[in-house]
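Q: Below is the structure, and that's it, no one-letter string:
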C-alpha cells in the first residue's frame, strides 16, 4: 500500500502569511494527488487535483506543486476563512490513501 | 448543482448489518465512478470503497474487504454500502463521494453517522 506522510500535523500562522503543507508519497504516484480542506462539522472540499490544478471556485491564493514524490500545498496571504484541516489524497492505486491531516489555525 | 445525500445511518450492535444509501442529483450519475469515505470521531479520512460506472468493478481496503459491499443503481441514481459483521472500529461518519474522471474525488455528501456499540 502507498503511504502518504503529511506534515506538519498542526500549524499556527498569521494573517497574510505564506503557509506550506507537504505530503510525501512512499512511491511514485505521478500527478495522482489531490488536496482537500475540511472545516469543523462539514464535509471536505476539493482544492487541488492532479497535483497542481486548482479546482473550480477555489481562490487563486491556493496552489499545488510536485517535486518527485513530494507534494506541497501553498497558501499565499493566509485569510481567516482558510483555517481548518487539510488532507492530501493519493488516487494512483487502490487502496487510495489520505495523509493524516494538517490542522491550520490563526495565530 | 451536484448533490449527494446519504441516509441509513444509526446505532447498530457489533456483528450486525447496516445498509447506507446515497441519492445523487445534478449530474449524470451513470458517467461517474463513486466512492464511500469514512471519518471516525476526531480522526482523519479513510477511503472505504469505490465502484466503476457500470458497477462491474469494485475496490476496497483490507480493513473492510469481505465485510462491506458497494453497489449502485444507475436507473435510480443511487449508491449503496452494505456493511456486514460490523465492529466498533467501523464507528464513523460515512461520506458518499464522486470521482471525477475516475480519479480524484470532487464532490462529497454531508455524511451520515454510523455508531457500532452494544
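A: Yep, that arrived. Please read all numbers here as calculations on a predicted model, not as lab measurements.
Q: which residues touch the residue nearest in space to the middle of chain A?
A: The centre of chain A sits closest to residue A:35, judged by Cα atoms, centre = their mean, with a distance of 4.0 Å. Residue A:35 makes contact with A:46, A:47, A:48, A:62, A:64, A:73, A:86, A:87, A:88, A:89 under the criterion Cβ atoms under 8 Å, 6 or more residues apart in numbering or on different chains. Bear in mind the C-beta positions are built from the backbone N, C-alpha and C, glycine included.
Q: ok, the second one touching residue A:82?
A: No. Taking Cβ atoms under 8 Å as the definition, residue A:47 is not a contact partner of residue A:82, at 10.1 Å.
Q: joint contacts of these two?
A: With Cβ under 8 Å, 6+ apart as the test, residue A:47 and residue A:82 both reach residue A:37.
Q: give me every residue that touches residue 55.
A: If you meant another chain, say so; for now it's chain A. Residues in contact with residue A:55 (Cβ under 8 Å, 6+ apart) are A:46, A:47, A:48, A:49, B:106.
Q: Not quite, go with chain B.
A: So residue B:55 contacts B:71, B:72, B:74 (Cβ under 8 Å, 6+ apart).
Q: Would you mind naming what in chain B lies close to chain A?
A: B:44-47, B:50, B:59-62, B:95, B:99-100, B:103-111 (Cβ under 8 Å from any Cβ of the partner chain).
Q: What ranges in chain A fall below the confidence cut-off?
A: Counting by pLDDT under 70, chain A shows no low-confidence range.
Q: Out of the contacts of residue A:55, flag the one nearest to residue A:69.
A: residue A:48 (16.5 Å; Cβ to Cβ).
Q: Name the residues that touch whichever strand or helix holds the closest one?
A: Applying DSSP states H and E as the criterion places residue A:48 in strand A:45-49. Here strand A:45-49 makes contact (Cβ under 8 Å, 6+ apart) with A:34-38, A:54-55, A:58, A:62-64, A:73, A:86, B:100, B:103-108.
Q: Could you turn the buried ones of the residues you listed into a ChimeraX selection?
A: Only the buried entries of the contacts of strand A:45-49 go into this ChimeraX selection, using 16 or more other Cβ atoms under 10 Å in any protein chain shown:
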select /A:34,35,36,37,38,54,55,58,62,63,64,73,86 /B:100,104,105,106,107,108
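Q: Buried residues, stretch B:80-97. List them.
A: By 16+ other Cβ under 10 Å, the buried positions in stretch B:80-97 come out as B:80, B:81, B:83, B:86, B:90, B:91, B:92, B:93, B:94, B:95, B:96, B:97.
Q: I'd like to know which of those are part of helices.
A: Here DSSP state H is the test, and the buried residues of stretch B:80-97 give no hits in helices at all.
Q: Closest one of those to chain A?
A: Of all these, residue B:95 has the smallest distance to chain A: 5.8 Å, by Cβ to the nearest Cβ.
Q: Could you pull up the residues touching residue B:67?
A: Taking Cβ under 8 Å, 6+ apart, we find residue B:67 in contact with B:83, B:84, B:85, B:86.
Q: Can you pull the residues of chain A lying near chain B?
A: Residues of chain A found near chain B (Cβ under 8 Å from any Cβ) are A:1, A:32, A:34, A:36, A:38, A:43-46, A:49-50, A:55, A:87, A:89, A:91, A:94-101.
Q: got the contact list for residue A:30?
A: Neighbours of residue A:30 in contact, by Cβ under 8 Å, 6+ apart: residue A:92.
Q: let's see 10 Å
A: Residues near residue A:30 by Cβ atoms under 10 Å, 6 or more residues apart in numbering or on different chains: A:50, A:51, A:66, A:69, A:90, A:92.
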